[in-house]
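> A predicted structure for the sequence below; I have some questions about it.
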Amino acid sequence: MTSDDVDLVRFPDGFVWGTATASYQIEGAVTEGGRSPSIWDRFSHTPGAIVNGDTGDVADDHYHRYPEDVALLADLGVTHYRFSLAWPRLQPDGHGALNAAGVDFYSKLVDELLDRDIKPWVTLYHWDLPQSLEDAGGWPERDTAYRFSDYAALVHDRLRDRIEYWTTLNEPWCSAFVGYAAGQHAPGRTEPAAALRAAHHLLLGHGLAVGRMRAQDPASTLGITLNLAPVDPVTDAPEDVDAARRVDVISNRIFLDPILRGEYPGDLRRDVAAVSDLAFVVDGDLADIGAPIDVLGVNYYTRHVVRAGSASSGSTGRAAAWVGSTDVEAVSRGLPTTEMGWEIDAQGLYDVLARIRRDYGAIPLYVTENGAAFADEPAADGTVPDPDRVSYLDSHFRSALRAIADGIDLRGYFVWSLLDNFEWAWGYTKRFGLVYVDYETQQRIPKDSARWFAGVTRAHGLPE
Ligand code: FCB
C-alpha cells in the first residue's frame, strides 16, 4: 500500500520536521582546528566514568564527514536540522576572540545545509564546557554565566546572517544536576549545593545571552530547550503526592518558572533548605532570566512515577540528582521500555505539552528531541530493521497531533537522533539513530525507521 491509498492524519502547513544531534556526541576531531578540551573530554577519559571506557575522540567523525551527513538529512526530507556548536571549538579558552577555524567549520556546515534547503537550528551549549572554565569553578561560579553570554553574543553576531533559530542551552537540568549532584555526567561532581548554584548560573547565562542576542538582531528566533517529564505519584497517599510535587519542582518548575514567569517556585526554597539558602540569587537576576523568549524546546523521553522513600534511598546514583528530595524513589510500572530502560509512554508527551499551555500560557513549542534507543543490528541483506523505533515514533507523533488538534501551539518535531552516537555515560552502547553507524568503518546505513520517517515528512502526516 502506498500513502496514496490511505487517509493521512496531516500535520499543519509549516510544521517543521528535523532531526537533532550534539557536537560532542558526533563530531570527533577533538584536537583539530584549535579545539580545546571540554569537560566531556576530561570526564570520558576518566577511568570508570563511561561504559567500556568509550570517549568522543572519534565519535561519528562528523567533523570530516558532514557533507555525507547533510546528504542523509536531505534524504529524510527534513526542513530543519538541530545541532550544537562546540564552545571549545569556537572559543577555546572560554573567553576572548573567536577561533577562526571553529567558525569556518560551522560556517561550511551551515552553507551545506542551506544549499539543500535545510534550515539550521543551533544550540549554543549542549554540555561541552571548555575545561578551562571548569578549572575556574564551572557552572557553580557566577562568572561562567557571563562567559557564556559573551560567547553566545560573539557567535550569534558571526553567524546570524544565515541562522535564524538560536537555542541557548540544552537541558540545563542535566548540566546542573546530573553533572554536579549525581556525578554521572561531566564534570562528575557530587556536590548538591554546587548543583543548585550551577542551575541558577545556567539560567542566568541563558537570560543574559537572550538579552544580548535580541539586542543584536531582533529578527532572530530565540529559545531554550528543557527536558520535561510529567511526574506522577504512585498512589494518592499524601506523602507520595508530595514526593511527586518535589520532583516536579526540582526537575521541571525550577527551570520553567524562572524562564516563563521570572520567579522561582515558592516551594523550591523550602524543599532545598537543608542543602542551600539560595543566597547566590542576586537582585535583578530573575528579571534577566525571565527575558522573553520566542519558542520553548521540549525534549521528551518518558514519564516519572515516584513514591516517598526512606531518607537514604536516593542519595547515590541518578536519584541523587533530585537535590533536596533524594529520599524519593522512582517506581517502574512494568511498561515496555527502550534500551535505556525508559518506559514507553506516548501520552506523557501530550501531558507535558498540555501542562505548559495550562500553567504557562501559549508559548510556541517545538519538540526538540524525542526518540528511542534499541539494540539495532544490520541484517544479512544489509538493511537495519528497527520496527520498535518506528512504533515508538509513530505513537509519539500521534500524541503530538492530538496536542495540535487540542489547540496547543506545537510547531515542529526533531527526532533524536540523526545518527547513532556517543550516548554520554553509556558510550556507544545505546543506538538512538535513524541511521546506523558502524564505528569500525564509519559506514552509515539508514535504518528502516529512516525510510519510514522520510515517508512521514514527505506525506506531512501519518496513516489514519
Ligand atoms: C538527552 C540529550 C541528548 C541525548 C538524549 C538521548 O538528554 O539531550 O544529547 O543523549 O538525551
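Structure's in. What do you need?
> Where do the helices of the stretch 151-300 of the chain begin and end?
172-173, 179-180, 192-216, 238-248, 254-261, 266-271, 285-289 (DSSP state H, counting those that start in this stretch).
> Which one, of those helices, ends up nearest to the ligand?
Across the helices of the stretch 151-300 of the chain, the ligand has its closest neighbour in helix 172-173 (8.8 Å, Cβ to the nearest ligand atom). Backbone N, C-alpha and C define where each C-beta goes, glycine included.
> Please state the offset of the closest one from the chain centre?
Relative to its chain's centre, helix 172-173 lies at 9 Å (Cα atoms, centre = their mean, to the nearest Å).
> repeat for stretch 166-181
Centre-to-centre, stretch 166-181 and its host chain are 8 Å apart (Cα atoms, centre = their mean).
> From the opening residue of that stretch to its closing one, how far?
28 Å (Cα to Cα, to the nearest Å).
> if we can go back for a sec, out of the helices of the stretch 151-300 of the chain, the one nearest T46 is which?
Closest approach to T46 among those (Cβ to Cβ): helix 179-180, 13.1 Å.
> for that closest one, packing partners?
Packing partners of helix 179-180 (3 or more Cβ pairs under 8 Å, 6 or more residues apart in numbering; DSSP states H and E): helix 192-216.
> Let me see the mean pLDDT of the helix it packs on.
For helix 192-216, mean pLDDT rounds to 99.
> Likewise for stretch 127-146?
Stretch 127-146 comes out at a mean pLDDT of 99.
> Next one: it, is it in contact with the ligand?
No: interface with the ligand: stretch 127-146 contributes nothing (Cβ under 6 Å from any ligand atom), its closest point being 7.4 Å away.
> same check, this time on stretch 66-85
No: if you take Cβ under 6 Å from any ligand atom as the test, stretch 66-85 misses the ligand, and the best it gets is 8.6 Å.
> what are the pairing partners of the helix or strand hosting L462, and which direction each?
Under the criterion of DSSP states H and E, L462 resides in strand 461-463. Note on strand 461-463: by DSSP bridges, its sheet partners are strand 8-10 (antiparallel).
> Centre of the chain to the strand it pairs with, how far?
On the basis of Cα atoms, centre = their mean, strand 8-10 sits 28 Å off its chain's mean C-alpha point.
> Also stretch 197-212?
On Cα atoms, centre = their mean, the centre of stretch 197-212 falls 16 Å from the chain's centre.
> Just the buried residues of that stretch, please?
197-212 (16 or more other Cβ atoms under 10 Å).
> just stretch 10-22 next, same as before
Of the residues in stretch 10-22, 11, 15-22 count as buried by neighbour count, 16+ other Cβ under 10 Å.
> Of those residues, which is the nearest to the ligand?
Minimum distance to the ligand across the buried residues of stretch 10-22 is 4.7 Å, recorded for A22 (Cβ to the nearest ligand atom).
> show me the contacts for the nearest residue to that closest one once chain neighbours are set aside.
Computed as Cβ to Cβ, 6 or more residues apart in numbering, the closest residue to A22 that is not its neighbour in sequence is H126, at 3.9 Å. By Cβ atoms under 8 Å, 6 or more residues apart in numbering, the contact list for H126 reads 22-25, 84, 170.
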